[in-house]
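*Asks:* Okay, predicted coordinates and the sequence, questions at the end:
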Amino acid sequence: MVKNPSFRYFTVLSLLFWLSFLCTGCGLWSRNSMRIGEYVVSGEEYEFFYDMQKARASGDFYAEYGIDVSKGERGWQTPNEEGLTAEEYANELTREAIVRYVSVRSLAEERGIPVWEGFEALQQRAAELNEAGTGPTGYGMTRWTEESLFLYLYQDLENQLLRYMAENEFDFTEDQLREAYGRMDITGVAMRGDLQATVDICYCFNPGETDSILLEDALDAVYEAWRRGEDIADVREGLNLQILTKTQVSTKDVGRDDMFTQTLLTELFSHEKGDIFRGEFAGLPSVCRVREIERQGGDFESSKDLVRNYLIREQYEKAVEQRMQNLEEL
């Protein structure tokens with residue numbers, strides 16, 4: 001499972017550290033107010049953030065450990081193999097989210113970007129909007145909730161802060177852009193440019209119901225025949241194989257739902273005319289022969305804006321993470 005890179009995953013040791021630091025004789029810190037820098041988080045605001053993190057904590061625990069906490073509170077106390085419960089994990093996610101929120105607020109305030117007063121002001125604003133009848137319409141929403149208003153305002157605040165820092169604080173030399181280009185995934189969709197190719201392809205359209213050993217033998221035979229420059233009109237029956245010859249594929253024409261062609265095109269960026277290769281594309285075992293191939297873009301000069309945006313986002317995240325670290329050390 002790929003986890004959101006905006007949040008760090010804490011080890012049991014870090015969990016114990018924070019609990020020992022933040023627990024009091026009256027109970028867990030999550031039930032009391034807390035201070036992060038100059039910002040005071042009330043118990044009610046903490047619970048607001050906690051409620052927003054519970055769904056993620058539940059999903060992570062089920063996906064990673066098979067622990068289903070969605071059917072009752074008891075599951076929230078079931079420890080994973082490291083001894084961490086879903087409730088403890090949700091508390092860690094909550095603190096991380098709050099510290100990031102306070103960090104973004106403080107960075108924005110330092111740059112003269114207006115922010116709302118705090119949680120009570122957010123509650124009051126949501127009530128005023130609903131009373132005035134200016135709640136959102138569409139998408140199934142008929143009124144502002146505290147959560148929907150917060151997410152709207154917070155995203156707008158991050159966008160304003162990112163834009164301000166990009167225009168006033170981030171300036172990159174040609175060497176920095178080239179260095180970033182070199183370490184970016186240049187085979188990724190955003191960097192690779194456009195590609196069109198003419199290919200022959202033999203693929204198994206139903207591998208789940210095909211004898212895997214016989215299928216491997218058949219694909220090996222196709223691969224070797226194409227290496228010898230031979231054409232193949234048909235293949236062994238009963239193996240769910242299909243051969244397409246002189247098929248046109250292009251990044252400009254591929255459908256959003258055509259995962260087979262999308263993954264094939266991604267592989268084609270690392271091949272040249274005459275190449276023959278095997279692989280699984282969207283789970284379908286295949287052999288491909290490249291008859292013609294043409295690329296456009298995907299070089300440094302045509303990617304400068306993408307590289308610059310990448311560096312802006314990277315530097316922005318570093319600034320936020322540094323502020324988070326500073327606040328946690330106070």
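*Replies:* Structure's in. What do you need?
*Asks:* How much space separates Asp156 from Pro114?
*Replies:* Going from Asp156 to Pro114 by CB to CB, to the nearest Å gives 11 Å. From N, CA and C alone the C-beta is placed, and that goes for glycine too.
*Asks:* swap in Thr94?
*Replies:* 26 Å.
*Asks:* show me where the stretch 151-300 of the chain has strands.
*Replies:* 194-204, 241-250, 276-281, 284-296 (DSSP state E, counting those that start in this stretch).
*Asks:* Out of these, indicate the one that is most buried.
*Replies:* Using mean count of other CB atoms under 10 Å, the stretch among those with the largest mean neighbour count is strand 194-204, at a mean of 20.
*Asks:* other SSEs contacting it?
*Replies:* Applying 3 or more CB pairs under 8 Å, 6 or more residues apart in numbering; DSSP states H and E, we find strand 194-204 packed against helix 212-227, strand 241-250, helix 259-268, strand 284-296.
*Asks:* Those: which one's closest to Trp144?
*Replies:* Nearest to Trp144, of all these, is helix 259-268, at 37.5 Å by CB to CB.
*Asks:* chain center to that closest one, what's the gap?
*Replies:* 20 Å (CA atoms, centre = their mean, to the nearest Å).
*Asks:* Okay, Glu81 and Glu174: tell me how far apart.
*Replies:* 49 Å.
*Asks:* go on, Tyr181?
*Replies:* 10 Å.
*Asks:* Gln123 now?
*Replies:* In terms of CB to CB, Gln123 sits 49 Å off from Glu174.
*Asks:* quick one: which of those two has more around it?
*Replies:* Gln123 (16 against 9; other CB atoms under 10 Å).
*Asks:* so what's that one closest to, chain neighbours aside?
*Replies:* Glu146 (5.9 Å; CB to CB, 6 or more residues apart in numbering).
*Asks:* need the contact list for the one you found.
*Replies:* Phe48, Leu122, Gln123, Ala126 (CB atoms under 8 Å, 6 or more residues apart in numbering).
*Asks:* Tell me if I'm right that the first one and Phe119 touch.
*Replies:* Yes. Contact criterion CB atoms under 8 Å: Phe48 and Phe119 qualify, at 6.7 Å.
*Asks:* which other helices and strands contact the helix or strand encompassing Asp60?
*Replies:* Here Asp60, judged by DSSP states H and E, is contained in helix 43-65. With contacts taken as 3+ CB pairs under 8 Å, 6+ apart, helix 43-65 sits against helix 86-110, helix 119-131, helix 146-168.
*Asks:* What does the pLDDT read for the closest residue to Met52 other than its chain neighbours?
*Replies:* Of all residues not flanking Met52 in the chain, Glu147 sits nearest, at 6.2 Å (CB to CB, 6+ apart). Note for Glu147: predicted pLDDT of 90.
*Asks:* quick one: contacts for Glu147?
*Replies:* Applying CB under 8 Å, 6+ apart, we find Glu147 in contact with Phe48, Asp51, Met52.
*Asks:* Only the buried subset of the residues you listed, as a ChimeraX command please.
*Replies:* Selection of the buried residues among the contacts of Glu147 in ChimeraX, burial being defined by 16 or more other CB atoms under 10 Å:
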select :48,52
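*Asks:* would you turn the contacts of Glu147 into TSV with pLDDT and distance to Ala166?
*Replies:* As requested, the contacts of Glu147 are exported to TSV (pLDDT from 0 to 100; distance: CB to CB, whole Å):
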residue	pLDDT	distance to Ala166
Phe48	94	30
Asp51	92	33
Met52	91	28
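*Asks:* and the residue of the chain positioned farthest from its centre, how far is that from Leu84?
*Replies:* Within the chain, the residue lying farthest from the chain centre (CA atoms, centre = their mean) is Glu230, at 43.7 Å. Going from Glu230 to Leu84 by CB to CB gives 58 Å.
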